[in-house]
Structure formats: structure tokens, C-alpha cells
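A.B. asks: coords please:
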Amino acid sequence: MNLHFNQSLAANYKSEPQKIRVLSEDWVANQSYCPNCDAEPLAEFTNNKPVADFYCANCNEQYELKSKQAKLSNIINDGAYDTMIERINSDNNPSFFFLTYSQEYSVNNFLIIPKHFFKPDMIIKRKPLSVTAKRAGWVGCNIDLRQVPESGKVFLVKDQQVIPRDNVTEQFQKTLFLREQSTASRGWTLDVWQCIDRLDANFSLNQVYAFADELQRKHPENNHIKDKIRQQLQVLRDRGIIEFTGRGRYCKLY
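C.D. replies: As a prediction, the model looks like this:
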């Protein structure tokens, strides 16, 4: 995998955003592959398809690309709020590629967050544009990546190091069980999973119970939070994300 952009493609562009769009999309099309099935190359959608940039002709996974210079931040600027919420709740929402690049136009980090890790409370509504703006009243959004469990961040390139493809596809496919869940069930699994991320590799049931108040605020309709925590720990155990080691103790397998 060549981590350098083909800068000759941007010779006729003066706008930096246009340059990056051309260079990054070309790099993904020529250097990347499908994290779900390992097929290559990825195909590009035509005619400015509003919901995705790339797709895999082999397994039909769809991907949208977000690129920025320097480090990947926890808050990512995105488009219209209502559109994003609609996409998250749809069956054909894309997974997201996030690419960061250096001043020398080479890839520093390239990762995918599969679509099944996105939930509505990750999408932060921005203030409407002022009445004097060209698109007065338009409401944009930001994506809060802090709410994604670490296992949901699948790196293809990390700190300029290419990750073995077998590792990438294994990590991606290990979480596909989330797609089998309802939106509500998936939200619970991800919320408990995120709490576990904040604990050491070996942890206890009581340590997860300590997040009960936080989970209650996220799910005010549920009056049996501890029961729900135990249920989700069992889901994560059955899917090989954590292991039960006995006497109310667990260890992470990721």
C-alpha cells in the first residue's frame, strides 16, 4: 500500500478542499480494499451520490470518506443534521472512512467505523445558520467519535503503519452481530461496551454497575438498569468481545 497521494492529479485545482477531495478519493480507489470481504478495488459512485462515495462490488458494502489534515479529532464536522439522522436509521446507511494526511500529502491514519456503530446520540446538532447567511436556517451536525467503542475503530493504516489485511477483516467481521440487533438493542450493547472501554482489561460486574446512573440518564424509560447491564455483558460474552472468568469478573478479548 503506497501511502502517498498522486499529487499530479491536483495540478489544475486551486482550491485546497477540491485538491484534497480529488487526491484522497483517488488514493482510496487505488490503494484501499473492502474491510468486510477484502475485495479490491473499491468502486466509486457516480453523479455525486448523496449517501456514499464508494462501494464494494463483491459484498455491496458502502463507504463515505472524510479527510482532514493532521490528527483525527473526536468531533467530526458533517453535513445536514436531519439527513444524517435519517441515514443512521436507514438500512442502507454507509460505513465511514476517516483519513488523515500530512503536509507532504501522505496518509497518516486511515480507519473505518462500520455503520452499525453509529447511533443518533452520536450526532450533535449545530446551531442554525443566521438569517444573514446564504443558507439561512440550515442546521448542520457534528459526529462525536468518543461514543464509539475502541473495537469499532478499525484501522487500515495507523501512524503511517499499514495494518495486516487479515487483522482488519477479522476486526470488522467480529462486530457484524450488531447488525442483527434492533436499533434499541444495539444502542444498549454499544452503551455498555463503551463503559467497559473505560475499565482495565480485567474488570468486575460491580465496576460496570458503577455506570448505572449514567446509563439510566441515557435510557430513562428503563427501570431495571442492572438487569440490562447483565444482559448486555452476556451478549458481549457470547460474541467473543469479553470473557467471563468467574465470581463476577470478566476480561476483555480485544
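A.B. asks: The spatially most central residue of the chain and residue 31, how far apart?
C.D. replies: Central residue of the chain (Cα atoms, centre = their mean): residue 113, 2.4 Å from the mean position. Using Cβ to Cβ, to the nearest Å, residue 113 is found at 19 Å from residue 31. Yep, even glycine has a C-beta here, placed from its N, CA and C like the rest.
A.B. asks: before we move on, what about residue 39?
C.D. replies: With Cβ to Cβ as the criterion, residue 39 and residue 31 are 14 Å apart.
A.B. asks: do the same with residue 10
C.D. replies: 16 Å.
A.B. asks: ditto for residue 55
C.D. replies: Distance from residue 55 to residue 31, by Cβ to Cβ: 17 Å.
A.B. asks: Just to check, residue 59 is in contact with residue 33?
C.D. replies: No. When contacts are counted by Cβ atoms under 8 Å, residue 59 is not listed as touching residue 33 (11.3 Å).
A.B. asks: Quickly list what's touching both of these two.
C.D. replies: residue 39 (Cβ atoms under 8 Å, 6 or more residues apart in numbering).
A.B. asks: Settle it for me: which of the two has more neighbours?
C.D. replies: residue 33 (18 against 11; other Cβ atoms under 10 Å).
A.B. asks: Excluding covalently adjacent residues, which one is nearest to the more buried one?
C.D. replies: residue 40 (3.9 Å; Cβ to Cβ, 6 or more residues apart in numbering).
A.B. asks: cool, residue 138 as well?
C.D. replies: Closest to residue 138 by Cβ to Cβ, 6+ apart is residue 129, at 4.8 Å.
A.B. asks: Number of residues surrounding the one you found?
C.D. replies: For residue 129, the count of nearby residues is 14 (other Cβ under 10 Å).
A.B. asks: mind checking how far it is from residue 137?
C.D. replies: If you go by Cβ to Cβ, the gap between residue 129 and residue 137 works out to 6 Å.
A.B. asks: any idea how far residue 233 is from residue 187?
C.D. replies: 16 Å.
A.B. asks: So what touches the helix or strand where residue 207 lies?
C.D. replies: Taking DSSP states H and E as the definition, one finds residue 207 inside helix 205-209. For helix 205-209, the external contacting residues (Cβ under 8 Å, 6+ apart) are 192, 195, 196, 199, 226, 229, 230, 233, 248, 249, 250.
A.B. asks: ranges for the strands of the protein?
C.D. replies: Secondary structure of the chain by DSSP state E: the strands cover 43-44, 54-55, 62-69, 75-80, 95-101, 107-113, 123-125, 140-144, 154-158, 161-162, 202-204, 242-246, 249-252.
A.B. asks: how many other residues sit next to residue 173?
C.D. replies: 14.
A.B. asks: So that it lines up with my notes, have the first residue be 41 from now on.
C.D. replies: Let's use 41 as the start, then, which means that last one is residue 213.
A.B. asks: Contacts only, for it.
C.D. replies: residue 76 are the contacts of residue 213 under Cβ under 8 Å, 6+ apart.
A.B. asks: That one and residue 141, how far apart?
C.D. replies: 27 Å.
A.B. asks: Then residue 200?
C.D. replies: Plainly put, residue 200 is 10 Å away from residue 141 if you go by Cβ to Cβ.
A.B. asks: Residue 164 too?
C.D. replies: 25 Å.
A.B. asks: For the two, work out which one has more neighbours and name it.
C.D. replies: Neighbour tally, residue 164 and residue 141, criterion other Cβ under 10 Å: the higher count belongs to residue 141, 22 against 15.
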